[in-house]
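Enquirer: turn this into a structure:
(chains A and B)
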There are 2 protein chains.
Amino acid sequence: MTAEIITIGDEILIGQIVDTNSAWIANQLNLIGIELVQISSVADKSKAITEALDLAINRADVILCTGGLGPTKDDVTKKTLADYFSTTLYRDEQVLAHVTAIFKKFNRPMLEVNNKQADVLANATVLHNETGTAPGMWINEKGRIFVIMPGVPSEMKYLMEYEVLPRLKNIPGKSAIVHQSLLTAGLGESFLAEKLASFEESLPTHIHLAYLPKYGQVKLRLTGFGTDGTSLEKEVSTYLATIEKLVKPYIVGVGDISLEQTLLEIMVNNGLSLSTAESCTGGYIGHLLTSLPGSSVIFKGGAITYSNELKISMLGVSEQSLIKYGAVSEQVALEMALGAQKQYATDYSLAVTGIAGPDGGTADKPVGTVWIAVAGKNGAKAKLFNFGKIRLPNIERSAANALIMLFYLLKEEVT
Amino acid sequence: MTAEIITIGDEILIGQIVDTNSAWIANQLNLIGIELVQISSVADKSKAITEALDLAINRADVILCTGGLGPTKDDVTKKTLADYFSTTLYRDEQVLAHVTAIFKKFNRPMLEVNNKQADVLANATVLHNETGTAPGMWINEKGRIFVIMPGVPSEMKYLMEYEVLPRLKNIPGKSAIVHQSLLTAGLGESFLAEKLASFEESLPTHIHLAYLPKYGQVKLRLTGFGTDGTSLEKEVSTYLATIEKLVKPYIVGVGDISLEQTLLEIMVNNGLSLSTAESCTGGYIGHLLTSLPGSSVIFKGGAITYSNELKISMLGVSEQSLIKYGAVSEQVALEMALGAQKQYATDYSLAVTGIAGPDGGTADKPVGTVWIAVAGKNGAKAKLFNFGKIRLPNIERSAANALIMLFYLLKEEVT
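Expert: Numbering: from 1, shown residues only, chains lettered A, B, ... in the order given. Here you go, the predicted structure:
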């Protein structure tokens, strides 16, 4: 069974908002074995909406529309849909009562545009929207299922969870889709592909391997399509086990897991603590770690030492090293890591010093030069990188590679 | 002039990634007067790509394709495009040299799949991708312009900025679209809307006011549509001047400027320095500041003190205060701010301590409780917030409001 999402509204087309709804819906559909074949974002115009619907019914069994139901623009979308299904709009008493109640709750006067929120298509099953004033609609026509939802993420999610997904689950004859993945680090996409080339060729046509690279990490994801979910689950997992064997040395974790999460688990399980000493990453590594619930168990804190003065006063980096080797050097990176480990009394520490750009580069140390050091049980080690001229990716790559170095050090010393 | 975006790849359709590229591209196109009429996200399949192209050329003058150019999957997309334009692929020597150089820089051996990155369409102008191995392509066929770019955001952005937008700007016959905006902080969207209600009604139909709220800040953007760019520019700016008068006390900056950028400029112009003391934000404020080129001029660094021990040792917070008031308290927030200001010898400092969640809340200090303190010329002041139960938005709101507090303190003491 296939689906298409049609997002209606100018906000996405003028770049005012990022369409996060579609990714969320896609995930939910996948979990119940519905394959999303296309996402079309169209304007709030009758012609654009009708065209999108005409094309969608030739591609998909289920067409999910979001957006275009706000009080100020519901006219276009609902009228267009009424014409498309050659039906009419009527004012639903239950919906009107719900809308009125919401306005009463916030003591806001009802305007005629607000009453219009209760206008629904005569051929639709009305889907109650507890979280807002625009109701959802479920329409079974032209041998397809059409779902109409508001674009506000919280309202769309409520309708999907409580009204749409339960109904979709009950539709028979859906194919099963199974995703299984593992995360690797330290080997490039193309090198993994080489190691997995013959394996990939051996895959049956209903199972597909995807490479999802991100800053020194590559997620390998197997997707299987079939009829019986349970047997498909088994089949895919045997192929995943083969991948595990083939790329074993580079595996961070099995399952849909992040590098940060893996590090957290390893360190929690081994009762280890961590601190950071960040120069060019400016706190981004700390942010990545502390974005995880429970990170306070292992992460004690760290220093953001942008200036040389603070490298000395906070981390005990020697002034001589800064003068002799410069702030961006192996020596200073090592002193930063060992300084953090000592000052903050942690088992492990991470240090990054580099030139994030766009300025500050020299002939022998061009913009993008980054030294990363990790300190553990047996002292510290440092590695030189160049992550290019553009500031933000440079910061993100530096942070990712620092975490990768920590992962491999832990692998060496702990696991 | 109209444009359509076609994103190619399964990652978006299975909900693996959120499509942030399209919103960014839409904004950029708008700025040069190109209207985005549709975004189509299709699978990595020849049929889907061809269909999308066939439809796009009937809707748009410019078709921008992103994704599907990675070393392991370039086959499908590039071959499909070659067939679509009934042309061939050839290996471009310059691109190959660039790809080889990148691999040399990272000391990684080249594989055949990597060589393939240098295969480009015979009918295309090759667009140099400084930031990666997949080149962009510019194709002028069927009376349309086709732009082919990789899906990696940093690479797509590089190609747009340096290769695509300059070329698009030079195409005549575009209608004028003018955007002018200003940033406010400290007053909610609906309150601003109330102050601007009668102004908004007075706007001509070809000029539109948008409210773009984000964590305590609201960007007000005027968009004007017309034929003569220069006169439209003038017209819109007079309306913007009126908005400035109406919401003066809440203006952070005029133009498309961020709060961080404004803070940086104020502090640079006044020769002021800044440090941070972050508990629950875990380095995120440092990251926001150091994401800006030139931030090292004002930002000396700071402490990430997740543990109480580090609040004491790094910032000199008194153990008594931690015991008596708890780590999340006005007292500790103030001591953190003053400690950072003193220890790191900066004119100003920011401190945040709170309960980011999902756990750690108590009856009198529920999850989401955050104390933010700012220290300046005349000591420090603190403010209590509650940013709700969800960890990441909680961290982002805390950081944003800390910066807003700093802005108002600087307004008071400096500007």
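
Enquirer: so which residue of chain A lies furthest out from the middle?
Expert: residue A:320 (44.1 Å; C-alpha atoms, centre = their mean).

Enquirer: and that one, how far is that from residue A:312?
Expert: Between residue A:320 and residue A:312 the computed distance is 10 Å (C-beta to C-beta, to the nearest Å). Glycine gets a C-beta too; all of them are placed from N, C-alpha and C.

Enquirer: so the strand or helix carrying residue A:408, near chain B or not?
Expert: Assigning secondary structure by DSSP states H and E places residue A:408 in helix A:391-413. Yes. Using C-beta under 8 Å from any C-beta of the partner chain, helix A:391-413 reaches chain B at A:391, A:392, A:393, A:395.

Enquirer: could you give me the average pLDDT of that helix?
Expert: On average, the pLDDT along helix A:391-413 is 95.

Enquirer: could I get it in CSV with only the CA atoms?
Expert: Provided in CSV are the C-alpha atoms of helix A:391-413 (Å, rounded to 0.1, in the frame of the first residue of the first chain):
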residue,chain,number,x,y,z
ARG,A,391,32.7,27.7,9.7
LEU,A,392,29.7,25.7,10.8
PRO,A,393,30.4,22.4,9.0
ASN,A,394,33.9,22.8,10.3
ILE,A,395,32.6,23.0,13.9
GLU,A,396,30.2,20.1,13.3
ARG,A,397,32.9,17.9,11.8
SER,A,398,35.3,18.7,14.6
ALA,A,399,32.8,17.8,17.2
ALA,A,400,31.8,14.6,15.4
ASN,A,401,35.4,13.5,15.0
ALA,A,402,36.2,14.2,18.6
LEU,A,403,33.4,11.9,19.7
ILE,A,404,34.6,9.3,17.2
MET,A,405,38.1,9.5,18.7
LEU,A,406,36.6,9.1,22.2
PHE,A,407,34.6,6.1,21.0
TYR,A,408,37.7,4.3,19.6
LEU,A,409,39.7,5.1,22.8
LEU,A,410,36.9,3.6,24.9
LYS,A,411,36.8,0.6,22.7
GLU,A,412,40.6,0.2,23.2
GLU,A,413,40.6,0.8,27.0
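
Enquirer: how far away from the center of its chain is that helix?
Expert: Here the centre of helix A:391-413 is set off from its chain's centre by 19 Å, with C-alpha atoms, centre = their mean, to the nearest Å.

Enquirer: for stretch A:152-161, buried residues please.
Expert: The neighbour-count check on stretch A:152-161 (16 or more other C-beta atoms under 10 Å in any protein chain shown) flags A:152, A:155, A:156, A:157, A:158, A:159, A:160 as buried.

Enquirer: what sits against the spatially closest residue to the second one that is not a sequence neighbour?
Expert: Okay, so that is residue A:155. The shortest distance from residue A:155 to any non-neighbouring residue, by C-beta to C-beta, 6 or more residues apart in numbering or on different chains, is to residue A:132 (4.1 Å). Residue A:132 makes contacts with A:102, A:150, A:152, A:154, A:155, A:158, as judged by C-beta atoms under 8 Å, 6 or more residues apart in numbering or on different chains.

Enquirer: the same query, at a cut-off of 10 Å, please.
Expert: Residue A:132 makes contact with A:69-70, A:98-99, A:102, A:117, A:150, A:152, A:154-156, A:158-159 under the criterion C-beta atoms under 10 Å, 6 or more residues apart in numbering or on different chains.

Enquirer: would you turn those residues into a markdown table with pLDDT and secondary structure?
Expert: What follows is the contacts of residue A:132, written out as a markdown table (pLDDT from 0 to 100; DSSP: H, G, I helix; E, B strand; the rest coil):
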| residue | pLDDT | secondary structure |
| --- | --- | --- |
| A:69 | 82 | coil |
| A:70 | 70 | coil |
| A:98 | 94 | helix |
| A:99 | 91 | helix |
| A:102 | 84 | helix |
| A:117 | 88 | helix |
| A:150 | 91 | coil |
| A:152 | 85 | coil |
| A:154 | 84 | helix |
| A:155 | 89 | helix |
| A:156 | 94 | helix |
| A:158 | 91 | helix |
| A:159 | 96 | helix |
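
Enquirer: which one among those residues gets closest to chain B?
Expert: residue A:154 (11.8 Å; C-beta to the nearest C-beta).

Enquirer: wait, doesn't that closest one sit right on residue A:24?
Expert: No. Shown here, residue A:154 and residue A:24 do not form a contact pair, counting by C-beta atoms under 10 Å, at 11.0 Å.

Enquirer: returning to what we had before: might you report the residue contacts of the residue farthest from the centre of chain A?
Expert: Neighbours of residue A:320 in contact, by C-beta under 10 Å, 6+ apart: residue A:331.

Enquirer: what helix or strand is it on?
Expert: helix A:319-325.

Enquirer: now that helix: mean pLDDT?
Expert: Mean predicted confidence for helix A:319-325 is 97.

Enquirer: now stretch A:262-277
Expert: Rounded mean pLDDT across stretch A:262-277 is 97.

Enquirer: hang on, the earlier thing: what is the nearest of the residues of helix A:391-413 next to chain B to chain B?
Expert: Lowest distance from chain B to these (C-beta to the nearest C-beta) belongs to residue A:393, with 4.3 Å.

Enquirer: and that closest one, how many neighbours?
Expert: 23 (other C-beta atoms under 10 Å in any protein chain shown).

Enquirer: check contacts around the residue nearest to it when sequence neighbours are not counted.
Expert: Nearest residue to residue A:393, sequence neighbours excluded (C-beta to C-beta, 6+ apart): residue B:154, at 4.3 Å. By C-beta under 10 Å, 6+ apart, the residues touching residue B:154 are A:388, A:390, A:392, A:393, A:394, A:396, A:397, B:131, B:132.

Enquirer: mind doing that once more with 7 Å?
Expert: Going by C-beta atoms under 7 Å, 6 or more residues apart in numbering or on different chains, residue B:154 touches A:390, A:393, B:131.

Enquirer: same list, these, but as CSV with distance to residue A:409 please.
Expert: Conversion of those to CSV gives the following (distance: C-beta to C-beta, whole Å):
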residue, distance to residue A:409
A:390, 28
A:393, 24
B:131, 29
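
Enquirer: which one of these is nearest to residue B:222?
Expert: Set against residue B:222, the nearest of the contacts of residue B:154 by C-beta to C-beta is residue A:390 (30.7 Å).

Enquirer: could you chop chain A up by domain?
Expert: A:2-170, A:176-254, A:259-414 (the TED database).

Enquirer: which of those sits most buried?
Expert: Highest mean neighbour count of the domains of chain A: domain A:259-414, a mean of 22 (counted as mean count of other C-beta atoms under 10 Å in any protein chain shown).

Enquirer: packing partners for the helix or strand bottoming out on mean pLDDT in chain A?
Expert: Ranked by mean pLDDT, DSSP states H and E, the weakest helix or strand in chain A is helix A:112-115, scoring a mean of 79. Counting contacts by 3 or more C-beta pairs under 7 Å, 6 or more residues apart in numbering or on different chains; DSSP states H and E, helix A:112-115 is packed against helix A:93-105.

Enquirer: and the helix it packs on, how far out from the chain middle?
Expert: 36 Å.

Enquirer: and it, what other elements does it pack with?
Expert: By 3+ C-beta pairs under 7 Å, 6+ apart, helix A:93-105 packs against helix A:112-115.

Enquirer: quick check: next helix or strand after the helix it packs on?
Expert: From helix A:112-115 onward toward the C-terminus, using DSSP H and E, the following helix or strand is strand A:119-121.

Enquirer: who's in contact with the helix or strand following that next one?
Expert: Next helix or strand after strand A:119-121 toward the C-terminus (DSSP H and E): strand A:125-127. For strand A:125-127, the external contacting residues (C-beta under 7 Å, 6+ apart) are A:92, A:95, A:120, A:135, A:136, A:137, A:138, A:159, A:163, A:164.

Enquirer: just for chain A, where's the confidence low?
Expert: Where chain A drops to pLDDT under 70, the residues are A:71-75, A:106.

Enquirer: dead centre of it: give me the residue that sits there.
Expert: Against the mean C-alpha coordinate of chain A, by C-alpha atoms, centre = their mean, the closest residue is residue A:23 at 8.6 Å.

Enquirer: contact partners for residue A:156?
Expert: So residue A:156 contacts A:21, A:66, A:149, A:150 (C-beta under 7 Å, 6+ apart).
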